[in-house]
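A.B. asks: below are the sequence and a predicted model; questions follow.
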Amino acid sequence: AEMFGQLTSGLESAWNKLKGEEVLTKENIVEPMKEIRRALLEADVSLPVARRFVQTVSEQAVGVGLIRGVKPDQQLVKIVRDELVKLMGGEVSELVFAKSGPTIILLAGLQGVGKTTVCAKLAFYLKKQGKSCMLVAADIYRPAAIDQLVILGEQVNVPVYTAGTEVKPADIARQGLQEAKKKNADVVIVDTAGRLQIDKGMMDELKEVKRALNPTEVLLVVDAMTGQEAAGLVTAFNLEIGITGAILTKLDGDSRGGAALSVREVSGKPIKLVGRGERMEDLEPFYPDRMAGRILG
Ligand code: GDP
């Protein structure tokens with residue numbers, strides 16, 4: 001199923017209700033606005049976000065008539081499009097690089113969201129931009145996480161620093177950073193342990209790793225399939241450890257899009273990158289305007 005399929009058709013039925021109207025009024029937009037709200041909720045956007053969105057769109061819509069040959073229903077499409085872009089953060093949020101020394105990117109996230117895969121994808125993505133990378137395996141709990149990272153590292157031809165499972169993650173991170181400096185790597189990407197749910201042990205460990213590294217970027221990897229919950233996770237991790245942004249994975253799956261729409265608004269943190277598949281090349285920047293374009297079909 002196309003991620004935004006339902007949302008797209010829900011929105012379409014909102015404009016369709018206004019075909020032939022000469023001006024948008026408080027009265028004639030009531031039903032279309034309900035339609036928009038319903039479509040957003042069905043796409044897994046949280047209720048407060050959907051409410052605010054409809055409120056903002058309504059305020060701009062009332063009083064709109066024919067402008068330069070563009071009919072009111074088509075202008076509503078434009079208003080919604082612009083608000084969707086804003087909702088998703090407006091501009092692309094670029095990765096930040098350190099001014100001197102290696103850029104350190106700490107990746108966090110719950111288990112199974114695609115964090116280890118993202119480590120290698122990100123290295124591959126940065127390599128294409130001419131940056132040399134090094135991966136650090138600091139997930140010492142999930143069996144095979146280290147092996148998985150080593151295999152993926154080989155696939156993208158990026159060195160992986162490992163120190164087994166007996167060394168503390170913060171120490172592995174420190175050692176990995178030393179190694180990366182020796183090798184003059186431009187970027188160090190650190191994989192950390194996830195749990196099935198948020199727990200204190202995981203957060204404490206992440207804080208310790210963060211303190212040890214003083215990272216340039218702390219990115220939370222979230223699974224788009226978790227819908228509304230994604231925005232809550234970004235908020236929770238941000239409050240606990242302080243993050244610089246999110247990476248949304250599995251956008252190729254049958255998520256309904258709510259995560260892409262809500263993360264920025266709810267957490268205040270941008271989605272910087274998105275994953276759209278299992279292949280190493282399936283990682284790209286998050287473009288709010290293109291996403292809005294896809295939603296409007
Ligand atoms: P981790 O526990 O967070 O480190 O998760 P992994 O990196 O091991 O990924 C869990 C599963 O999700 C693996 O089977 C990955 O191939 C898969 N996966 C990761 N990212 C994506 C994505 O963007 N799309 C799809 N379809 N699968 C993904």
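C.D. replies: Here it is on my side, so go on. Numbering: from 1, shown residues only.
A.B. asks: CA only for contacts and neighbour counts going forward, please
C.D. replies: Noted.
A.B. asks: which residues does residue 138 contact?
C.D. replies: Taking C-alpha atoms under 8 Å, 6 or more residues apart in numbering as the criterion, residue 138 is in contact with 146, 162, 169-170, 172-173, 190-193.
A.B. asks: residue 115 now?
C.D. replies: Under the criterion of C-alpha under 8 Å, 6+ apart, the neighbours of residue 115 are 107-109, 191, 221.
A.B. asks: again, but for residue 219
C.D. replies: Neighbour list for residue 219: 105-108, 243-247 [criterion: C-alpha under 8 Å, 6+ apart].
A.B. asks: before we move on, the earlier item: farthest pair in the contacts of residue 138?
C.D. replies: Using C-alpha to C-alpha, the two most remote members of the contacts of residue 138 are 146 and 170, lying 15.3 Å apart.
A.B. asks: ok, those two, which is more surrounded?
C.D. replies: More crowded of residue 146 and residue 170, by other C-alpha atoms under 10 Å: residue 146, with 24 against 20.
A.B. asks: element containing that one, please.
C.D. replies: Taking DSSP states H and E as the definition, one finds residue 146 inside helix 145-156.
A.B. asks: angles on the backbone of residue 3, please.
C.D. replies: phi -50, psi -50 (degrees, to the nearest 10).
A.B. asks: that one: how many residues sit nearby?
C.D. replies: Neighbour count of residue 3, defined by other C-alpha under 10 Å: 18.
A.B. asks: on that earlier part again, identify the farthest-apart pair in the contacts of residue 115.
C.D. replies: The largest separation in the contacts of residue 115, counting by C-alpha to C-alpha, is between 191 and 221 at 10.7 Å.
A.B. asks: what is in contact with those two at once?
C.D. replies: Once C-alpha under 8 Å, 6+ apart is applied, the residues that residue 191 and residue 221 both contact turn out to be 107-108, 115.
A.B. asks: strands of the chain, start to end?
C.D. replies: When assigned using DSSP state E, the strands of the chain occupy the ranges 103-108, 133-138, 160-161, 187-192, 217-223, 245-249, 271-275, 283-285.
A.B. asks: output these in CSV; the columns should cover mean pLDDT and distance to the ligand.
C.D. replies: Shown next, in CSV, are the strands of the chain (pLDDT from 0 to 100; distance: least, C-alpha to the nearest ligand atom, whole Å):
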stretch, mean pLDDT, distance to the ligand
strand 103-108, 98, 8
strand 133-138, 98, 11
strand 160-161, 98, 15
strand 187-192, 98, 8
strand 217-223, 98, 8
strand 245-249, 98, 4
strand 271-275, 98, 4
strand 283-285, 98, 8
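A.B. asks: tell me the residues of the stretch 1-150 of the chain that contact the ligand?
C.D. replies: Within the stretch 1-150 of the chain, the residues that sit near the ligand (C-alpha under 6 Å from any ligand atom) are 111-117.
A.B. asks: mind running it again at 8 Å?
C.D. replies: With C-alpha under 8 Å from any ligand atom as the criterion, the stretch 1-150 of the chain meets the ligand at residues 109-118, 142, 145, 148.
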